[in-house]
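J.: sequence first, predicted coordinates after that:
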Amino acid sequence: MTQATHRSSAARIGIGGPVGSGKTALVEQLIPRMHARGLTLAVVTNDLVTREDAVRLQRSGLIDPDYVAAVEAGACPHTVIREDPTLNIEAADELERKISGLDLILIESGGDNLASTFSLDLVDYWLFVIDAADGDDIPRKRGPGIVQADLLIVNKVDLAGYVGADLECMAREAAEVRNRKPVYFTNCKTGEGVNEIVTLLERQVLMLP
């Protein structure tokens, strides 16, 4: 597991990926599963100049609205998760100050391209989400997000057949470019594959048995 330099009691997990890959849908699937395991979590969302993702979560009924904070990047989305993550660190710190017993904070990046990565000053572990419907050549493009993320998630597997994407090819090539770091396949609309992500996070980030 990669180690961050921030000091906090709650684990901080980054979720990045291109626009429309399913980051917010993944967060919506993770919340009830974490709650079912007795874990308390909060969410920091990042958007360019809106709070749309935060409002979506606050209205979802899945989480206390006070447990969701919004960061408006005002520039390229990766800027506030990599070059200068101060705004996100402050938002996460504030959530920890007001919520006692917080186990983890999910930090969802604004949509960006395959170059998006998280600063280890901000997160302990980070996921990168791509869309199977964008084509099976994405892994071999070797974007920093794909190569460096602790966990790569190939979402929308139900759409692969409609665009002729070969999931077996994606799995094989992703494993090669990522030096065997984990790659999971999901359908965040239905929840397929999300339980496996929760189990991984419990073991590798939260250090639960």
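T.: Great, that's in hand. Bear in mind the structure is a predicted one, so any value in this text is a computation, not a measurement. Residues are numbered from 1 along each chain as shown.

J.: what distance do you get for the residue of the chain positioned farthest from its centre to residue 136?
T.: The C-alpha centroid of the chain is most remote from residue 164, which lies 26.0 Å away (C-alpha atoms, centre = their mean). Separation of residue 164 from residue 136 (C-beta to C-beta, to the nearest Å): 8 Å. Yep, even glycine has a C-beta here, placed from its N, CA and C like the rest.

J.: so what sits against both of these two?
T.: Residues touching both residue 164 and residue 136 (C-beta atoms under 8 Å, 6 or more residues apart in numbering): none.

J.: which residues of the protein fall in strands?
T.: Listed in chain order, the strands of the chain (DSSP state E) span 11-16, 41-47, 68-72, 104-108, 125-131, 151-155, 183-185.

J.: against residue 30, how distant is residue 62?
T.: 10 Å.

J.: which one's more surrounded, these two?
T.: Each of residue 62 and residue 30 has its neighbours counted (other C-beta atoms under 10 Å); residue 30 has more, 25 against 17.

J.: hang on, that one packs against residue 196?
T.: No. Counting by C-beta atoms under 8 Å, residue 30 stays clear of residue 196, with 11.8 Å between them.

J.: now residue 111, nearest residue through space, not along the chain?
T.: Excluding its sequence neighbours, the residue lying closest to residue 111 (C-beta to C-beta, 6 or more residues apart in numbering) is residue 19, at 3.1 Å.

J.: no wait, residue 208
T.: Leaving aside its chain neighbours, residue 208 sits nearest to residue 202 (4.3 Å; criterion: C-beta to C-beta, 6+ apart).

J.: pull the number of nearby residues for the one you found.
T.: Residue neighbour count, defined by other C-beta under 10 Å, stands at 17 for residue 202.

J.: so how far is residue 165 from residue 23?
T.: From residue 23 to residue 165 the distance is 19 Å (C-beta to C-beta).

J.: neighbour count: these two, which is higher?
T.: Legend: neighbour count by other C-beta under 10 Å for residue 23 and residue 165, higher for residue 23 (27 against 21).

J.: identify the residues contacting the more buried one.
T.: 15, 16, 17, 108, 109, 111, 129.
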